[in-house]
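>>> Need the 3D shape of this:
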Amino acid sequence: MRRFNVLKWAVYALCLLLLTVFQMQAAFYPSYMGMTPLFVIPAVVSIAMFEGETAGGIYGILAGLVWDCGTGRAFGFNALFLMIIGITIGLLIKFVFRNTILSVFLLSLIFTVIHEFVTWFFFYYMTDNHDILFALFHIILPTAVLTLIFALPLYLGTRAINRSLTVSDNTDLPS
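Next up is the predicted model:
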């Protein structure tokens, strides 16, 4: 019989909460050209890779709501975006990709660039800041590169949590 492991879900939630708060406090870690990494995107990608589309979507919503509380932008923007990321990654890992380190780098890069382009479009382009080349080279790409630096540690941490706290289906069988 499969058991629900509450401790694992609580650890994921606590880690996402801490990463989101840490992401919003740029004074604690170095930045490049004024850009800081987005810890939440590779964390949601990693959770969705190990736990599937349902958990990825739920943790995406939760992390996005915390992230939205700390920004002065439209409430729900990051929650919706991270939910879509979580569901998409879960389905991609289930049907298209394998759960590997290369996959986490590729998917984190793709979704970070998409997030930054969408953010730039709605919050800069629509407010009369039309310089797409400046945004690409000074906002989007530096943020994506800085985010990729943290993708591997977040993936390895998620894998460690998953392996140590997942209850096997065989634990209820007599030995």
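
>>> only C-alpha atoms for contact and neighbour calcs from this point on.
OK.

>>> low-confidence ranges in this protein?
Applying pLDDT under 70 to the chain flags the ranges 1-4, 26-32, 129, 168-175.

>>> which residue sits closest to residue 135 in space, ignoring its chain neighbours?
Using C-alpha to C-alpha, 6 or more residues apart in numbering and skipping the chain neighbours, the partner closest in space to residue 135 is residue 120 (7.3 Å).

>>> count of neighbours near that neighbour?
20 (other C-alpha atoms under 10 Å).

>>> quick one: contacts of the helix or strand hosting it?
Element membership of residue 120, judged by DSSP states H and E, is helix 101-123. Contacts to helix 101-123, defined as C-alpha atoms under 8 Å, 6 or more residues apart in numbering, come from residues 38, 41-42, 45-46, 81, 85, 89, 97, 135, 139-141, 143-145, 147-148, 151-152, 155.

>>> Narrow the residues you listed to those that are buried.
38, 41-42, 45-46, 81, 85, 89, 135, 139-141, 143-145, 147-148, 151-152, 155 (16 or more other C-alpha atoms under 10 Å).

>>> Select from those residues every entry located in helices.
41-42, 45-46, 81, 85, 89, 135, 141, 143-145, 147-148, 151-152, 155 (DSSP state H).

>>> Now do the contacts for the residue positioned nearest the centre of the chain.
With distances taken as C-alpha atoms, centre = their mean, residue 41 lies nearest the centre of the chain, 2.2 Å away. Contact partners of residue 41, counting by C-alpha under 8 Å, 6+ apart, are 82, 108, 111, 112.

>>> just to revisit the earlier point, next, the buried residues of the helix holding residue 120.
103-105, 107-109, 111-113, 115-117, 119-121.

>>> Report the angle between that helix and helix 141-149.
150 degrees (axes from the mean of the first three to the mean of the last three C-alpha atoms, to 10 degrees).

>>> roughly how far is helix 101-123 from the heart of the chain?
Centroid displacement of helix 101-123 relative to its chain, using C-alpha atoms, centre = their mean, to the nearest Å, is 10 Å.

>>> Same check on stretch 12-30?
Per C-alpha atoms, centre = their mean, the centroid offset for stretch 12-30 relative to its chain is 12 Å.

>>> Could you number the chain from 364 rather than 1 from now on?
New numbering, starting at 364: the last item is stretch 375-393.

>>> From residue 473, how far out is residue 510?
11 Å (C-alpha to C-alpha, to the nearest Å).

>>> next one: residue 402
14 Å.

>>> Repeat that for residue 523.
Residue 523 is 24 Å from residue 473, by C-alpha to C-alpha.
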